[in-house]
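# prediction below, plus the sequence it came from.
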Amino acid sequence: MLVGWLLYALDFHAFFLWQIVLVSGWLFVISKKQQKEFEAMLALAGNDAITVRFTASSVSKTRQYYAYSSFIYIVTYLWLINR
């Protein structure tokens, strides 16, 4: 939200799409890295169902956090522009 507000407050509306592209690329890289780490943790967990469930839940919550924060950023910026 802070970046969206700063772009609005400093009249850098032209950089909004660049910010979206950069953040999307960054989230894609993080997602690929996290997927590799998740697979390694599953391999280490073996047949321990509790650890596997905890790891899957953690990865799911992290992805939800990234998706929700991106959505809030876009909505906040668009709301500020259309005020």
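Structure received.
# what secondary structure does the residue nearest the centre of the chain sit in?
Closest to where the C-alpha atoms of the chain average out (C-alpha atoms, centre = their mean) is residue 66, at 2.4 Å. Three-state call for residue 66 (DSSP: H, G, I helix; E, B strand; the rest coil): helix.
# OK, contacts around it?
Residue 66 sits next to 27, 30-31 when contact means C-beta atoms under 8 Å, 6 or more residues apart in numbering. All C-beta atoms are positioned from the backbone trio N, CA, C, and that covers glycine.
# by neighbour count, which of those wins?
residue 27 (15 neighbours; other C-beta atoms under 10 Å).
# okay, it: pLDDT?
Among the per-residue scores, residue 27 holds a pLDDT of 80.
# helix/strand/coil for it?
helix.
# between the contacts of residue 66, which is closest to residue 81?
Residue 81 has its nearest neighbour among the contacts of residue 66 in residue 27, at 22.3 Å by C-beta to C-beta.
# how far away is the closest residue to residue 62 other than its chain neighbours from residue 9?
Excluding the flanking residues, the one nearest residue 62 by C-beta to C-beta, 6 or more residues apart in numbering is residue 34, at 6.7 Å. According to C-beta to C-beta, to the nearest Å, residue 34 stands 32 Å off from residue 9.
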